[in-house]
Structure formats: C-alpha cells, structure tokens
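[1] predicted structure and sequence below. I'll ask about it afterward.
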Amino acid sequence: MSQDKAMVRELVERIEGVTRTYFELEMKGRNRKKTLVVEVNFDLDSNSSHYSRAKIESIEDTFTTVLREENSDVVSKLKIVSRAHLSTDKSANATGHGATSTKNVPTDVRSSPN
C-alpha cells in the first residue's frame, strides 16, 4: 500500500462503486472532528434501480474494521456521497440523487493521518 493515503482510504477505494475518498475536518475551538467522505458512482436513494445496499454495507464494514485496528488520528464519522448523477442532472439535490449517508463511529476508533 502507498504511504500517500491512510489505510482506510486505500481499502475503501478498492470497493466497486467508490470513485474517491478524502477527509473533512470540522473545528470548533480546540475540538476537531475528522470525517471520511466516500464518493460513490451509484444512487443512494433506496427506491432507485441504481441503489446498492451491498456496496454501502461493504464500505461501512471496511471503515469500521480498519479503524478498529489502527492507532492514530481519530476519525469521528463516515459520510457517503453519491456523485452518480451530479454531472448530468443539475437538479440532483432537489430529486435526492445527491443524498448522503453517514455513520458515526465510537470516538476511540482511530485512523492514520491522510
């Protein structure tokens, strides 16, 4: 694996349907929350024919497993964002195609720096 990315990012990016991963930081005073954002190329609307529960579960399982085994920066949350229709459908947010799925993880779960 490359040293350019955290292990959790590398492993999640290997899952079919994942197009990109990155970290977001939310800072309030001295408190900092780190979120792993996962962009996918399928719809997150469970009523859509392009929805994939299996891929979402695979992302969640990989995220949880890797972070449970690592010992560095705290990652507070997983956020899954659909980019499936954003380039062709400018009204994606109004129709639900730009929806996100988030999963909180225990604060003691850790990941390596990006």
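    Great, that's in hand. Numbering: from 1, shown residues only.
[2] the chain: helices as residue ranges?
    Applying DSSP state H to the chain gives helices spanning 7-13, 53-69, 92-95.
[3] any idea which of those helices is most buried?
    Mean neighbours per residue, mean count of other C-beta atoms under 10 Å, is largest over those for helix 7-13, with a mean of 19. Glycine gets a C-beta too; all of them are placed from N, C-alpha and C.
[4] hang on, the earlier thing: relative to Thr35, which of the helices of the chain is closest?
    helix 53-69 (11.0 Å; C-beta to C-beta).
[5] that older thread, now render the helices of the chain as TSV, adding distance to Asp43.
    Formatted as TSV, the helices of the chain follow (distance: least, C-beta to C-beta, whole Å):
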stretch	distance to Asp43
helix 7-13	19
helix 53-69	11
helix 92-95	10
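[6] ok, which of those comes nearest Lys77?
    helix 53-69 (9.7 Å).
[7] need the strands for this protein, in chain order.
    Assigned by DSSP state E, the strands in the chain fall at 18-28, 31-40, 70-74, 77-82, 100-104, 110.
[8] next, format the ones you listed as CSV and append distance to Ser52, mean pLDDT and mean neighbour count.
    Below are these laid out as CSV (distance: least, C-beta to C-beta, whole Å; pLDDT from 0 to 100; neighbours: other C-beta atoms under 10 Å):
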stretch, distance to Ser52, mean pLDDT, mean neighbour count
strand 18-28, 11, 95, 13
strand 31-40, 8, 94, 18
strand 70-74, 26, 66, 13
strand 77-82, 10, 94, 20
strand 100-104, 12, 53, 12
strand 110, 28, 45, 19
